[in-house]
Structure formats: structure tokens, C-alpha cells
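**Student:** A predicted structure for the sequence below; I have some questions about it.
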Amino acid sequence: MRFSLKFSVCLLMFTACITSAQTEVAKKSIVHTTANSENHKTLLAVMRATDLEQLLDQSGPFTVFAPSDSAFENLSGKSIDHLLNPENKQELKELLTYHIVAGKLSAAKILKAMCRGKGKATFTTVQGEQITATMQGIDIVLTDSHGSRATIVVADSNQRNGVIHEIDSVIRPRKI
């Protein structure tokens, strides 16, 4: 009985710590969390280059499918250096806004939409085109208009103005 009581107290404390950590994260904005991430330096540079930094810091809610730095390094076609050139600002903005959906879509909401859609769900991005979510094993996979795919590798980083899901590839709208 003593063991059970100690276990219950430990479990309660653990749950309180988790809740506290989640609350702390939820006080930060999408931009603040991106700026403090070691895996998203390129994404932060893209936010700044497209003048979307203030929007993603203040407004919301948004769902950001955030490519990691290694995802940007593996970008096929035009390089990120090319896209970061000021003369390509509009193209870069279209690329970034293709990774953003208005509203807060947790992984659970994405899965629920896929259940309703018989294994497939489409979401309209802020850029205006759609991305498709499906399952591959236990992973949520996003498919862009070119048929390229990105897997959500870290889900549900809750922010005060939305949620971030880290993805392993850069998805692209038709124009880019």
C-alpha cells in the first residue's frame, strides 16, 4: 500500500511537471520558439526575409509545418541561398506560406480529419494551395502539389499563437 501511495504521488508530480512545461511553451510565440531552436535557423532566416516574422510572432492561430535545417539543405531545385536573395522575396514568401495553415491543427485533429476522409485529409495553406495528409505506418505524411512528401517528425509543439510540427522535407507549391 505504501508503494502504491508513493507511486501515485510521483505520478501526480510528474503530471504537474509536464503540465507546467506545456504551459511554459504555450506562453511563447511561433517566432520565439523558432528563434530558440537549434534545428530551425534557416526557417527563422526565411521568416525574416519574407517580413512574416511579426505576423508569426503576434497573430494566429497558425499551424506551421516547420522544415528543419537539414530539410532546407536537401531542397531540390532552387537552393535556399537563391531563394533568400532579396529579388526572390515573393517566391520565398510563397514557399513559406505553403508551410502554414490558418488555425491550430494538432496531430489529433489531423488524424481525425484523415479518419473522416477515409485515410486522407487536405488542408488549404495560407499560400492558397492545398497539402494532403496521409498515414504511412504510424507517421503523418504531407504531400505537396508535386507529389513530394514530408513526414512530421516532431508533432504538437504548442505555442500561444498556434502549433509547430517539425517536418523532414521542404514541401513546395506548384509555382516553385
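**Tutor:** Happy to help now that I have it.
**Student:** following the chain past the lowest-mean-pLDDT helix or strand in the chain, name the next helix or strand.
**Tutor:** Least confident helix or strand of the chain, by mean pLDDT, DSSP states H and E, is helix 2-26 with a mean of 39. With elements assigned by DSSP states H and E, the helix or strand that comes after helix 2-26 is helix 30-35.
**Student:** contacting residues around Asn88?
**Tutor:** His82 (Cβ atoms under 8 Å, 6 or more residues apart in numbering). For glycine as for every other residue, the C-beta is placed from the backbone atoms N, C-alpha and C.
**Student:** can you pull the pLDDT of it?
**Tutor:** Looking at Asn88, its pLDDT is 90.
**Student:** how near is it to Ser79?
**Tutor:** In this structure, Asn88 and Ser79 are 11 Å apart, going by Cβ to Cβ, to the nearest Å.
**Student:** mutual contacts of the two, please.
**Tutor:** The overlap between the contact sets of Asn88 and Ser79 (Cβ under 8 Å, 6+ apart) is empty.
**Student:** buried ones in the helix or strand that contains Ile140?
**Tutor:** Using DSSP H and E, Ile140 falls within strand 139-143. Judged by neighbour count using 16 or more other Cβ atoms under 10 Å, the buried positions of strand 139-143 are Ile140, Val141, Leu142, Thr143.
**Student:** now do stretch 147-156
**Tutor:** By neighbour count on 16+ other Cβ under 10 Å, the buried set for stretch 147-156 is Arg149, Ala150, Ile152, Ala155, Asp156.
**Student:** strands - which of those land there?
**Tutor:** Mapping those onto strands (DSSP state E) picks out Arg149, Ala150, Ile152, Ala155, Asp156.
**Student:** could I get the contacting residues of Leu56?
**Tutor:** Contact partners of Leu56, counting by Cβ under 8 Å, 6+ apart, are Ser29, Ile30, Val31, Thr34, Met47, Phe62, Val64, Ile100, Asn161.
**Student:** checking it next. Helix, strand or coil?
**Tutor:** The local conformation at Leu56, judged by DSSP: H, G, I helix; E, B strand; the rest coil, is helix.
**Student:** what's the pLDDT at it?
**Tutor:** Leu56 is given a pLDDT of 92.
**Student:** so where's the chain uncertain?
**Tutor:** Counting by pLDDT under 70, the chain has low-confidence residues at 1-26, 176.
**Student:** how about 80 then?
**Tutor:** For the chain, the stretches with pLDDT under 80 are 1-26, 76-79, 175-176.
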